[in-house]
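*Asks:* Pasted the sequence and its predicted model underneath.
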Amino acid sequence: MAYLDHAATTPVRPEARDAMLPWLGDRTGNPSGAHRLARDARRAIDDARDTFAEVTGFDPGDIAFTAGGTEADNLAVLGVLDAVGRPDATAVCPASEHHAVLEAVEHRHGRIVRVRADGQVDLDHLAELLDDTVALVSVMAVNNESGVIADLHAVLDLVAEHAPGAMVHTDAVQALTWLDLPAATTSPSGRRVDLLSLSAHKFGGPQGVGVLAVRAGTPLQPRLLGGGQERGRRSGTQNVAGIVGAAAAARTATDTRPETVARLGALRDRLADGLHHAIDGLVETAVDPVTRDRSAKVAGSCHVCIPGIEAEALLVLLEDRDVFASAASSCASGAQDPSHVLAAMGVPREVAAGSLRLSLGWSSTEADVDAALEAVPGAVERLRSFAPEGTPA
């Protein structure tokens with residue numbers, strides 16, 4: 001089996017599994033309680049909080065645990081707008097954001113920024129949209145489909161210049177494996193993001209655990225009320241095992257990042273170059289077709305479009321060969337909807353219809369790349385052979 005869908009979810013790391021197991025067995029206790037078992041659980045969560053503070057560049061008290069990246073994104077956008085409380089307060093985000101941010105901004109009638117053909121935020125358009133009514137600007141650190149790394153430094157400085165009272169949030173769900181988050185989220189001028197979201201299952205932790213880091217002084221109204229956990233920012237009994245596993249995965253991902261980026265970058269380049277060689281007309285998303293410079297993308301991202309091919313049919317054929325990939329974001333009941341990310345980048349619909357996202361992660365191997373390089377060209381050739389001339393395969 002060749003699993004090349006790490007951007008959707010990545011296998012649980014052994015370090016995370018081993019850290020979780022005691023908390024799924026004899027070690028029990030509600031971390032809000034007073035007895036020894038409860039105190040042990042609370043201490044484990046606090047240790048995890050220390051880990052996430054270190055890897056994100058926030059303080060331990062800034063870390064709030066959630067049930068996933070979507071909840072963290074929603075809490076950031078809606079929580080800030082509700083806390084500010086002004087009737088004219090608005091939020092701004094790019095058209096290529098994850099739906100967890102994009103739909104939250106649209107729900108509050110916010111402003112949507114254009115993106116360029118290379119997937120970067122159109123900074124001139126962002127400057128036009130910024131004014132004193134903007135309470136929050138949200139820009140994801142790494143796009144979940146294209147793998148493009150945002151120029152957060154430029155965004156931070158632009159917000160400081162044109163909307164100095166606005167908070168800046170970044171959805172860093174796809175970033176922790178690949179980027180030094182404290183460096184990526186702090187501009188040379190010293191401006192830092194105010195809020196940052198993570199999701200454990202994107203870097204080798206369990207599904208159902210997220211983080212929202214919120215700097216002290218950032219206005220935030222909770223969305224869940226009740227027991228007052230997470231300093232009142234997110235009520236509900238914490239998932240101790242999941243949080244401990246998430247912290248172990250974050251620590252391993254951070255400690256092994258240099259070698260991971262080097263190894264998987266080489267695998268990704270071999271995969272992408274091999275597909276270029278084998279498939280006529282292939283378009284690599286956000287990559288110059290002449291230089292094939294992929295430095296603006298994370299090392300695990302190989303996103304291509306194959307004109308004349310229907311992505312859903314291609315994925316079926318790949319699954320028959322035990323190659324598992326996706327066409328777009330995996331956040332809608334398995335449906336392969338047209339990509340709003342590619343549309344925002346100006347990719348023609350007929351080209352975007354043949355999109356294929358092959359994403360690598362910590363467990364990816366040379367054998368996975370070999371399997372994809374054998375299966376994808378063969379599947380494309382088969383689809384093209386059955387398609388009437390001028391119609392998608």
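*Replies:* Arrived safely.
*Asks:* low-scoring stretches of the stretch 151-300 of the chain, by residue?
*Replies:* By pLDDT under 70, the stretch 151-300 of the chain has no low-scoring segment.
*Asks:* how about the strands of it, start to end?
*Replies:* Along the stretch 151-300 of the chain, the segments classed as strands by DSSP state E, counting those that start in this stretch run 167-171, 195-199, 210-214, 283-284.
*Asks:* which neighbours does whatever helix or strand comes next after the shortest one have in its sheet, and in what orientation?
*Replies:* Toward the C-terminus, strand 283-284 is succeeded by strand 301-305 as the next helix or strand (DSSP states H and E). Within its sheet, strand 301-305 is paired with strand 283-284 (antiparallel), strand 355-359 (antiparallel), according to DSSP bridges.
*Asks:* Give me the contacts around strand 301-305.
*Replies:* Strand 301-305 is contacted from outside by 4, 7, 145-147, 268, 271-272, 275, 282-286, 342, 347, 351-352, 354-360, using Cβ atoms under 8 Å, 6 or more residues apart in numbering. Using the backbone N, CA and C atoms, a C-beta is placed for each residue, glycine as well.
*Asks:* returning to that earlier point: how about the strands paired with strand 301-305, which one is nearest residue 115?
*Replies:* Closest to residue 115 of these, according to Cβ to Cβ: strand 355-359, at 16.1 Å.
*Asks:* I'd like to know which of the strands paired with strand 301-305 lies nearest to residue 92.
*Replies:* That would be strand 355-359 among the strands paired with strand 301-305, by Cβ to Cβ, at 26.5 Å.
*Asks:* And the closest one, how far out from the chain middle?
*Replies:* Centroid separation between strand 355-359 and its chain, computed with Cα atoms, centre = their mean, to the nearest Å, is 15 Å.
*Asks:* before we move on, what about stretch 179-194?
*Replies:* 17 Å.
*Asks:* That stretch: end-to-end distance?
*Replies:* Stretch 179-194 has an end-to-end distance of 18 Å (Cα to Cα, to the nearest Å).
*Asks:* residues of stretch 106-122 that come out buried?
*Replies:* 108, 110, 111, 112, 113, 114, 115, 116, 119, 120, 121, 122 (16 or more other Cβ atoms under 10 Å).
*Asks:* wait, doesn't the last one sit right on residue 112?
*Replies:* Right, residue 122. No - using Cβ atoms under 8 Å, residue 122 makes no contact with residue 112, being 10.8 Å away.
*Asks:* got the buried residues of stretch 106-122 as a markdown table, with distance to residue 210 and pLDDT columns?
*Replies:* What follows is these, written out as a markdown table (distance: Cβ to Cβ, whole Å; pLDDT from 0 to 100):
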| residue | distance to residue 210 | pLDDT |
| --- | --- | --- |
| 108 | 21 | 97 |
| 110 | 22 | 98 |
| 111 | 26 | 98 |
| 112 | 24 | 98 |
| 113 | 24 | 98 |
| 114 | 28 | 98 |
| 115 | 25 | 98 |
| 116 | 29 | 98 |
| 119 | 24 | 97 |
| 120 | 26 | 98 |
| 121 | 24 | 98 |
| 122 | 29 | 98 |
